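Trainee: I'd like to go over a predicted model; first the sequence, then the structure.
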Amino acid sequence: MLNIILFGAPGSGKGTQSKLIAQKYHLKHISTGELLRTEMKKQSELGKIAENYILKGNLLPDEIIMDILIKNIDDDLKNYNGILFDGFPRTLPQAEMLEKILHERNTEITLLIDLKVNEEELIQRLLKRAEIEGRNDDKPDIIKKRLEIYVQNAEPINEFYKKLNKYIAIDGVGTVEEVFSRIEKVINSKLNEAEN
Ligand code: AP5
Ligand code: MG
């Protein structure tokens, strides 16, 4: 299986690139953020809980996220070559639990791709999206909090995958196509490595 984590700050392009990667490599795209937004739209019990955290720019508790992940991971999986994780894991405990979950399924993470984008560009992208899509957490004060929380959590996660030799950083600035072609190169070279 090809199991990829797309990592990066809010606005770094995880969602945008995930769609392209999932399509090209035929991966099951799991975005915990999207799953939560769907629940929020439905105003389900989970959606109401999620809203409280998301509108403050905070992360949801790990237990809730793991529960959502486990409910979604196996569904339909046999129809794909692997999984693309978008916006997950976001804390070190989530990364550790993911290892275990994949191990139980006789598979593992192939690669974590860290999309690097400077803060000025991140804020610009999110404010622009706010005008176009009106996502309810794309407000200046919530964006600031999301970025802070990201900075607090990123390093331990990246260190975890560096130790496993699965970490690779990519320049996330440029056109969507340019960034995608950098990602393709990295994935293809990992696939070649596995073949040889
Ligand atoms: P989540 O939905 O994961 O949001 P995020 O990490 O804040 O990231 P975004 O979705 O805002 O950005 P993105 O990196 O996907 O970029 P995108 O491609 O959209 O999480 C939302 C919330 O849910 C969290 O704050 C938390 O509360 C909760 N949550 C989710 N997962 C959780 C977890 N595992 N644990 C705990 N809580 C969790 O691009 C952004 C914009 O830029 C778009 O408008 C796009 O068109 C544009 N763009 C993309 N690429 C480019 C480019 N190359 N050049 C110019 N513009 C570009
Ligand atoms: Mg996203």
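Mentor: Now that the structure is in, tell me what you want to look at. Predicted model, so just to flag it, every value in this text is computed and none were measured. Ligands and ions are numbered 1, 2, ... in the order given.
Trainee: buried residues, whichever strand or helix holds residue 152. List them.
Mentor: Per DSSP states H and E, residue 152 falls inside helix 140-163. Burial within helix 140-163, assessed by neighbour count using 16 or more other Cβ atoms under 10 Å, is assigned to 142-143, 145-147, 149-150, 153, 157-158, 160-161. Using the backbone N, CA and C atoms, a C-beta is placed for each residue, glycine as well.
Trainee: parallel or antiparallel, which strands does the helix or strand following it pair with?
Mentor: Of the helices and strands lying after helix 140-163 in sequence (DSSP H and E), the nearest is strand 167-171. As defined by DSSP bridges, the strand partners of strand 167-171 come to strand 111-116 (parallel).
Trainee: is ligand 2 contacted by the strand it pairs with?
Mentor: No. On the criterion Cβ under 5 Å from the ion, strand 111-116 is out of touch with ligand 2, staying 10.9 Å away.
Trainee: tilt between that strand and helix 140-163?
Mentor: Put simply, strand 111-116 runs at 140 degrees to helix 140-163, going by axes from the mean of the first three to the mean of the last three Cα atoms, to 10 degrees.
Trainee: immediately after strand 111-116, which helix or strand?
Mentor: Sequence order places helix 119-132 as the next helix or strand after strand 111-116, per DSSP H and E.
Trainee: okay then, goodbye and thanks.
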